[in-house]
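> Next comes the sequence, and after it the predicted model I'd like to discuss.
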Amino acid sequence: MARFFTFCVLLSFMICLTVSKSAKKNKDPEFEAFKQENKKPKWSHVEEGLHAEAFDLIASGETLTFERKLDDKFECSFTYAVKPGGAPTEEWRLTMTMSPDASAYSCQLRVERTEQRSDVMFEHFRLKVNGKQRFGYADCYRTEEMKLGKSEFVVDEKALEISSVPEKFGGKVSAIFLVTAIHVDHDEL
């Protein structure tokens, strides 16, 4: 009886694995169209030193990336996966700013809800800044008032990124911040 049960469990696992691989190879055209539609900006505000834009996080279980460029020195890239279930999307806002003297930049992501709390379950996230900057400050919030536990995320100062820690991240985040300063070469001084 135990052998039969083990056989059934292994067989069902193999079937699930085969169906999962098949679904990834033969992507659902409706879902692909939905993803393309949600890559279009919902609203945005751009002026010198500021770029703010709303976008939908898509709860698909797939790893997706949303990225924007503020100028030729600063780009923000948010890579994430949200567990499917519940609402298929959740509106978030990406805001990039530059200080008036162009010496510092910031990139922030936050949920666009009145209670400033996300309802989706993240599998993982990474916010990365590209450009010739040096690290300044980074932080993550579970809710507007409560920071993520220090063990749930890691900051890589050299790579200028903040990301969730596998096996320790609890799946909930509502805001992510990353501040950098322009790297000044010694010969420029």
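Looks like it arrived, so ask away. Quick caveat: nothing in here was measured; it's all calculated off a predicted structure.
> Show me the shaky parts of this protein.
In the predicted model of the chain, residues 1-41, 114, 183-189 satisfy pLDDT under 70.
> try 80
Judged against pLDDT under 80, the low-scoring parts of the chain cover residues 1-43, 86, 113-116, 132, 182-189.
> the strands in it, which residues?
43-47, 50-58, 64-71, 74-82, 89-98, 104-111, 122-130, 133-141, 153-156, 161-164, 175-182 (DSSP state E).
> Let me have these in TSV, extended by distance to residue 147.
(C-beta placed from N, C-alpha, C; glycine too.) TSV is the format used below for these (distance: least, Cβ to Cβ, whole Å):
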stretch	distance to residue 147
strand 43-47	27
strand 50-58	20
strand 64-71	23
strand 74-82	19
strand 89-98	18
strand 104-111	14
strand 122-130	15
strand 133-141	6
strand 153-156	10
strand 161-164	12
strand 175-182	9
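> Dump those into JSON lines; add mean neighbour count as well.
As requested, the strands of the chain are exported to JSON lines (neighbours: other Cβ atoms under 10 Å):
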{"stretch": "strand 43-47", "mean neighbour count": "11"}
{"stretch": "strand 50-58", "mean neighbour count": "19"}
{"stretch": "strand 64-71", "mean neighbour count": "16"}
{"stretch": "strand 74-82", "mean neighbour count": "21"}
{"stretch": "strand 89-98", "mean neighbour count": "19"}
{"stretch": "strand 104-111", "mean neighbour count": "21"}
{"stretch": "strand 122-130", "mean neighbour count": "19"}
{"stretch": "strand 133-141", "mean neighbour count": "18"}
{"stretch": "strand 153-156", "mean neighbour count": "17"}
{"stretch": "strand 161-164", "mean neighbour count": "22"}
{"stretch": "strand 175-182", "mean neighbour count": "20"}
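> Many thanks, have a good one.
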